[in-house]
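**Q** Next input, structure requested:
(one chain, ligands or ions: 2)
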Amino acid sequence: MSLTVPAPGLARDVLAGLDDEQRAVALAVTGPVCVLAGAGTGKTRAITHRIAHGVVSGAYPAGQVLAVTFTARAAGEMRGRLRALGADGVQARTFHAAALRQLSYFWPRAFGGAMPGLVESKARLVAEAASRLRITPDRAAVRDLTSEVEWAKSTLLTPEAYAVGAAQANRGVVAGLELDDVARVYAEYEAARRRAEVLDFEELILLTVAAITEFGDIADELRSRYRHFVVDEYQDVTPLQHALLDAWLGGRDDICVVGDAAQTIYSFTGASPKWLLDFPRRFPHATVVRLVRDYRSTPQIVELANEVLAGAPATSAASAARVQLVGQRPPGPKPQVNGFASEPEEAADVVTRIRGLIAQGTPAREIAVLYRINAQSEVYEAALATAGIPYLIRGGERFFERPEVREAVVLLRGAARAADEGQPAALPAQVREALADRWKEDAPPPVGARAQRERWDSVAALVRLADDHHGDLASFVNDLEERAAAQHAPAVEGVTLASLHAAKGLEWDAVFLAGLVDGTLPLQHAQTAEEIEEERRLLYVGVTRAREHLFLSWAAARNEGGRASRRISRFLERMVPAPARASRPGSGPVGKPLSCRVCGRTLTAAAERRARRCQGCPSTYDEALFARLREWRATRAKELGQPAYCVFTDATLERIAEDQPTSVGALAGISGIGTAKLDKYGAEVLDLVKTHAEAQGRK
Ligand code: ATP
Ligand code: MG
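**A** Ligands and ions are numbered 1, 2, ... in the order given. Below is the predicted model of the structure:
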């Protein structure tokens, strides 16, 4: 251990830039500390400065601190921040990375010989285990079984205890199997893993706990090395991770935890906020700090975040621990809740806005589109690729790289080759038939089959593309392959696409929360009150990722011209004026008064405002012009190798046929026509309108 030299000047610097409560955290360099605070209040910042303060003030050497964060990226960021604050050499790791390091060091002493390697494919071992039991799960069922084994190990359930524990935890049906069968797969997996002499991530932690608790000399050495522990995102720690934390502490109390029970979003992995909420009881002499100032988001966004949580039943644990956030930043634009007739229109609007933000100077890396399930990424990947805006996907695979999507495209290509040119069935039917062995449209996987459902949803997204495609199967497959190629190039820097789960702890200047329909958020699978509350917290996490611009959106139908059967997320219902919730929404917040172009009545419903016509009044658009515009669009889309809606949506064409604009300015006033579309198609459209008017005049 090296002697530490106090550096009062540096210590002062480290405390600068913290508010009083954050400073209280940073000053409590030893002993139990618990920070219970909402999103964006500077929890991560406070603990980083606390560690730095402890180190630069000489309270302890950097090497004695072990900080645990949720992801490797967060750990890397923390190390960088600490270095910048003059506290190099602190161990900031995930639970897994910390355990891996410790176990490899202590293995020879605890267990003898060399440490076994890590399992390369847990899913493969699970599949083998299942087939030995004469169960032949498909790939998605294997994924669900694998998650279930992970859940069991993370909650410290052995195969023998699994069936009872899973029933108590209401785990539901996994891969269509009885709990006893899942337990047998789990036991068989463990046996196979031992035979293969490999460890999985959970085993890594379990054995680290065993090495520490069963070997006094190992415990002594480890505990004299690490004396100060810090845990970020403490609301999402699993029983297994907690056992490791307890083993590290060995009854000591030099631990600082920070978390927000209202951001508990990993319960399905076995995580629980109970330790966070119980901390003050477990350590009655702890310094407990609550932070309420939100430094991340504008007061407008903070207000919406508060409202999201305010809708929670008063009895839930998170709502009991909830603190009202107070926005600290200067005011910004009001978050918008925008409804659209269809998903393609929703995506087109998001992309237009993204382009606008970029044009106004927001870097693409400061923009994110967040969604509930990974299958929702496809429509945004396509729209961004078409617009030439680079994007990256966090915590998931690009749509066309997902195994189930690749497999489906291969099947479709085969079907296209074999297709009888004479008398082909309608494309949507052909696509469904080609995929019939793998994908049953009317049989989505049951509740609890998380991975199976994701896979089903991804294929469903692909099938929906067929519903929108104008052309035969061969041209559809070409279209898919072109999309895949266009979306293939991974960007180093670009707009982030991520699920709400993967967005935890992060922040962006502009955030789009897309696809907020009931059934997707909350997910249809969420049935119990607890599950629904977890979905609400996901929305809260999403809302609180935004610094300045926040757009929430939803679409009444999946496809253009489809049945408007969907409703806005129930979590947003009370925040949106009634007309915008109607099943045929228009876009944009209700603003200046507008009157019906037919009868002159003032319009309030969003859909009516968008069409500038009462729903009851007849459409005044020129049908012949509309037909010509559609023809022109089909030719353009074909030339560009893009789906028609990427050029203009039907709704936009209708407005053009109705307004018959004669100038660029008038054209720009139509919703769905941004600057890029104006540049690309403006002249052609104006020309078309003009020629049409002249022809009418001649008649
Ligand atoms: P989350 O719950 O999402 O993890 P958090 O509580 O960890 O959020 P941080 O990420 O630490 O919050 O901070 C949110 C943002 O506010 C960061 O950009 C951070 O730099 C900034 N911030 C925090 N505290 C202050 C402060 N006292 N003065 C200025 N900016 C601050
Ligand atoms: Mg944080």
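
**Q** Show me the shaky parts of the stretch 401-550 of the chain.
**A** Applying pLDDT under 70 to the stretch 401-550 of the chain flags residues 420-424, 446-450, 486-492.

**Q** the strands in it, which residues?
**A** 495-499, 508-513, 546-557 (DSSP state E, counting those that start in this stretch).

**Q** and those as JSON lines, adding distance to Ala683 and mean neighbour count?
**A** C-beta: built from backbone N, CA, C; applies to glycine. Output for these, formatted as JSON lines (distance: least, Cβ to Cβ, whole Å; neighbours: other Cβ atoms under 10 Å):
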{"stretch": "strand 495-499", "distance to Ala683": "28", "mean neighbour count": "24"}
{"stretch": "strand 508-513", "distance to Ala683": "30", "mean neighbour count": "26"}
{"stretch": "strand 546-557", "distance to Ala683": "30", "mean neighbour count": "24"}
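
**Q** wait, which of those strands is closest to Leu222?
**A** strand 495-499 (35.7 Å; Cβ to Cβ).

**Q** Alpha carbons of that closest one, in PDB - could you do that?
**A** C-alpha atoms of strand 495-499 as PDB (Å, rounded to 0.1, in the frame of the first residue of the first chain):
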ATOM      1  CA  VAL A 495     -28.600   8.500 -34.000                       C
ATOM      2  CA  THR A 496     -29.000   5.900 -31.200                       C
ATOM      3  CA  LEU A 497     -31.700   3.300 -31.600                       C
ATOM      4  CA  ALA A 498     -32.200   1.400 -28.300                       C
ATOM      5  CA  SER A 499     -34.700  -0.400 -26.200                       C
END
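
**Q** partners of it, with directions?
**A** According to DSSP bridges, strand 495-499 forms sheet pairs with strand 367-371 (parallel), strand 391-394 (parallel).

**Q** which non-adjacent residue is nearest Ala498?
**A** Using Cβ to Cβ, 6 or more residues apart in numbering and skipping residues adjacent in sequence, the residue nearest Ala498 is Arg394, 3.9 Å away.

**Q** returning to that earlier point: of all the strands paired with strand 495-499, which gets the most neighbours per residue?
**A** Among the strands paired with strand 495-499, ranked by average contacts under mean count of other Cβ atoms under 10 Å, first place goes to strand 367-371 (a mean of 26).

**Q** Could you see whether ligand 1 lies near it?
**A** No. Under the criterion of Cβ under 6 Å from any ligand atom, strand 367-371 makes no contact with ligand 1; the nearest approach is 13.1 Å.

**Q** Let me see the residues that make contact with that strand.
**A** 350, 354, 357-358, 377, 380, 391, 495-500, 503, 506, 508-515, 542, 545 (Cβ atoms under 8 Å, 6 or more residues apart in numbering).

**Q** Distance from the chain centre to the helix or strand just after it, please.
**A** For strand 367-371, the following helix or strand on the C-terminal side (DSSP states H and E) is helix 377-387. On the basis of Cα atoms, centre = their mean, to the nearest Å, helix 377-387 sits 16 Å off its chain's mean C-alpha point.

**Q** And the strands paired with strand 495-499, which one averages the lowest pLDDT?
**A** With a mean of 85, strand 391-394 has the lowest mean pLDDT of the strands paired with strand 495-499.

**Q** could you say which helix or strand contains the residue in the chain that ligand 2 sits nearest to?
**A** With Cβ to the ion as the measure, Thr44 is the residue of the chain nearest to ligand 2, at 3.4 Å. Assigned by DSSP H and E, Thr44 belongs to helix 43-56.

**Q** Quick check: neighbours of the helix or strand just after that helix in the sheet, parallel or antiparallel?
**A** Counting by DSSP H and E, the next helix or strand C-terminal to helix 43-56 is strand 65-68. The pairing partners recorded for strand 65-68 under DSSP bridges are strand 91-93 (parallel), strand 228-231 (parallel).

**Q** Ligand 1: which of those strands is closest?
**A** strand 228-231 (12.5 Å; Cβ to the nearest ligand atom).

**Q** and the closest one, is it in reach of ligand 2?
**A** No. Strand 228-231 stays clear of ligand 2 (Cβ under 5 Å from the ion), getting no nearer than 11.5 Å.

**Q** just to revisit the earlier point, worst mean pLDDT among the strands paired with strand 65-68?
**A** strand 91-93 (a mean of 92).

**Q** what does the longest helix along the chain rub up against?
**A** Across the chain, the helix with the greatest residue count (assigned by DSSP state H) is helix 675-698. For helix 675-698, contacts defined as Cβ under 8 Å, 6+ apart pick out 352, 355-356, 359, 387, 622, 624-625, 628-629, 632, 636, 647-648, 656, 660-664, 667-668, 673.

**Q** Which residue does the chain have closest to ligand 1?
**A** Closest point on the chain to ligand 1, by Cβ to the nearest ligand atom, is Gly42, at 2.8 Å.

**Q** which ones are touching that residue?
**A** Contacts of Gly42 (Cβ under 8 Å, 6+ apart): 18-19, 22, 291, 293, 295.

**Q** ok, now Ala175?
**A** By Cβ under 8 Å, 6+ apart, the neighbours of Ala175 are 137, 141-142, 144-145, 148, 182, 449, 452.

**Q** Check Gly259 too.
**A** Contacts for Gly259 (Cβ under 8 Å, 6+ apart) come out as 35-36, 43, 231-236, 273, 276.

**Q** picking up where we left off before, near ligand 1, from the contacts of Gly42?
**A** 18-19, 22, 295.

**Q** who wins for neighbours among these?
**A** Most neighbours among the ones next to ligand 1 among the contacts of Gly42, by other Cβ atoms under 10 Å: Gln22, with 25 neighbours.

**Q** unless I'm mixing things up, that residue is touching Leu291, no?
**A** Yes. Using Cβ atoms under 8 Å, Gln22 makes contact with Leu291 at a distance of 6.6 Å.

**Q** overlap in contacts of those two?
**A** Common neighbours of Gln22 and Leu291 (Cβ under 8 Å, 6+ apart) are 42, 46.

**Q** Out of the ones next to ligand 1 among the contacts of Gly42, flag the one nearest to Leu249.
**A** Once Cβ to Cβ is applied, the member of the ones next to ligand 1 among the contacts of Gly42 that ends up nearest Leu249 is Gln22, at 24.4 Å.

**Q** And what about the closest one, helix, strand or coil?
**A** Using DSSP: H, G, I helix; E, B strand; the rest coil, the structure places Gln22 in helix.

**Q** And it, how far from Ile47?
**A** Distance of Gln22 to Ile47, computed by Cβ to Cβ, to the nearest Å: 10 Å.

**Q** do Pro333 as well
**A** 31 Å.

**Q** Repeat that for Glu639.
**A** Noted for Glu639: a distance of 56 Å to Ile47, by Cβ to Cβ.

**Q** Which one of those two is surrounded by more residues?
**A** More crowded of Glu639 and Ile47, by other Cβ under 10 Å: Ile47, with 24 against 9.

**Q** ok, the more buried one - contacts?
**A** Per Cβ under 8 Å, 6+ apart, neighbours of Ile47: 25, 35, 67, 230, 232, 256, 258.

**Q** Kindly write the ChimeraX command that selects the buried subset of these.
**A** Buried residues among the contacts of Ile47 (16 or more other Cβ atoms under 10 Å), as a ChimeraX selection:
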select :25,35,67,230,232,256,258
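
**Q** ok, the closest residue in space to Leu82 that isn't next to it in sequence - contacts?
**A** Spatially, and ignoring its direct neighbours in sequence, Leu82 is nearest to Val90 (5.1 Å; Cβ to Cβ, 6+ apart). Val90 sits next to 51, 55, 62-63, 65, 67, 78-79, 82 when contact means Cβ under 8 Å, 6+ apart.
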